[in-house]
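Visitor: What follows is a protein structure lacking sequence information:
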């Protein structure tokens, strides 16, 4: 026994909105099924996140009957959208970081709801599974794909790493600040930095590079307010060059397997 256990699985159906903890998930070529397939873009087609709009934290998401229920905490209003958008003919091009990708806007009413709630002209777009966005070729092994995640399809963090960080801080932070897909128990703090090949159940993965963290981690998911932590504390002992590292970016080496909370993690 490795002593390493998958303790939490998270998906983020709409990029930069709150995550949903699930008991099991299907590993797809772009990452976990339903993870970051929807995204808001501005009038120029550029992606929108909590980095510039921290009040995006103030929406709660739930999945029910193949639908995503989005609830605005400020006024209780709700929007229901499908987990997978229906096919539409009109293709749009939008920009996420340095990538231009082809997406669809299945319903202008969805876009109007978010525009009204955020007081910001925006569109809700969907990334069909067949459309292409490659991970950084420097870290790819087989032309791996990614959805609307920043750069890589999966992020893993050890609970021990968060515990160590919190031991250094005046006020602890929750794991959800770091938006992982996988959380595991067992092992030493930050050992995921050095993981290469590993398995969760019957699914095989590869760690490709530690995750560089940004100001999004400083947004309190309860209040939508920005602070200085946890980046300030992390910068004192997790800085490498101009990057502050926490968690490991991961690609899947095989697809269409289910993983479950409680699965054993095997290294090598």
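Guide: Received the coordinates, thanks. In this text, all values refer to a predicted model and were calculated from it rather than measured experimentally.
Visitor: and the gap between the residue nearest to residue 5 when sequence neighbours are not counted and residue 35?
Guide: If the residues on either side of it in the chain are set aside, residue 5 comes closest to residue 185, at 5.1 Å by CB to CB, 6 or more residues apart in numbering. C-beta coordinates here come from the backbone N, C-alpha and C atoms, glycine included. From residue 185 across to residue 35, the span is 22 Å (CB to CB, to the nearest Å).
Visitor: the more surrounded of these two?
Guide: Applying other CB atoms under 10 Å to residue 185 and residue 35 shows that residue 35 carries more neighbours, namely 25 against 15.
Visitor: so what's that one up against?
Guide: By CB atoms under 8 Å, 6 or more residues apart in numbering, the contact set of residue 35 is 11, 12, 13, 25, 147, 149, 153, 181.
Visitor: measure the fifth one to residue 239 for me?
Guide: Distance, residue 147 to residue 239, by CB to CB: 29 Å.
Visitor: Who has more neighbours out of those two?
Guide: Using other CB under 10 Å as the criterion, residue 147 and residue 239 rank with residue 147 on top: 24 against 12.
Visitor: before we move on, back to that, between the contacts of residue 35, which is closest to residue 256?
Guide: Comparing the contacts of residue 35 against residue 256 with CB to CB picks out residue 25 as the nearest, at 11.5 Å.
Visitor: and the residue nearest to residue 240 when sequence neighbours are not counted, what element?
Guide: Spatial nearest neighbour of residue 240, excluding adjacent residues (CB to CB, 6+ apart): residue 210 at 7.7 Å. Per DSSP states H and E, residue 210 falls inside strand 203-212.
Visitor: name the helices or strands packed onto that strand?
Guide: Strand 203-212 sits against strand 154-158, strand 197-200, strand 243-252, with contacts defined as 3 or more CB pairs under 8 Å, 6 or more residues apart in numbering; DSSP states H and E.
Visitor: Strand 154-158 and that strand, what's the angle between them?
Guide: In terms of direction (axes from the mean of the first three to the mean of the last three CA atoms, to 10 degrees), strand 203-212 departs from strand 154-158 by 80 degrees.
Visitor: quick check: mean pLDDT across strand 203-212?
Guide: For strand 203-212, mean pLDDT is 96.
Visitor: ok, and for it, which residues are buried?
Guide: Of all the residues in strand 203-212, those buried under the rule 16 or more other CB atoms under 10 Å are 203, 204, 205, 206, 207, 208, 210, 211, 212.
Visitor: give the contact list for the residue lying closest to residue 201 once chain neighbours are set aside.
Guide: Distances taken as CB to CB, 6+ apart place residue 263 nearest to residue 201, at 4.2 Å, with adjacent residues excluded. Applying CB under 8 Å, 6+ apart, we find residue 263 in contact with 5, 6, 200, 201.
Visitor: Quick check: of those, which lies closest to residue 216?
Guide: When the contacts of residue 263 are compared against residue 216 (criterion: CB to CB), the nearest one is residue 6, at 23.9 Å.
Visitor: quick one: secondary structure of that closest one?
Guide: Under DSSP: H, G, I helix; E, B strand; the rest coil, the three-state class of residue 6 is strand.
Visitor: Wait, it touches residue 266, no?
Guide: No - contact criterion CB atoms under 8 Å: residue 6 and residue 266 do not qualify, at 10.9 Å.
Visitor: of these two, who's got more company?
Guide: The neighbour comparison of residue 6 against residue 266 (other CB under 10 Å) goes to residue 6, with 19 against 14.
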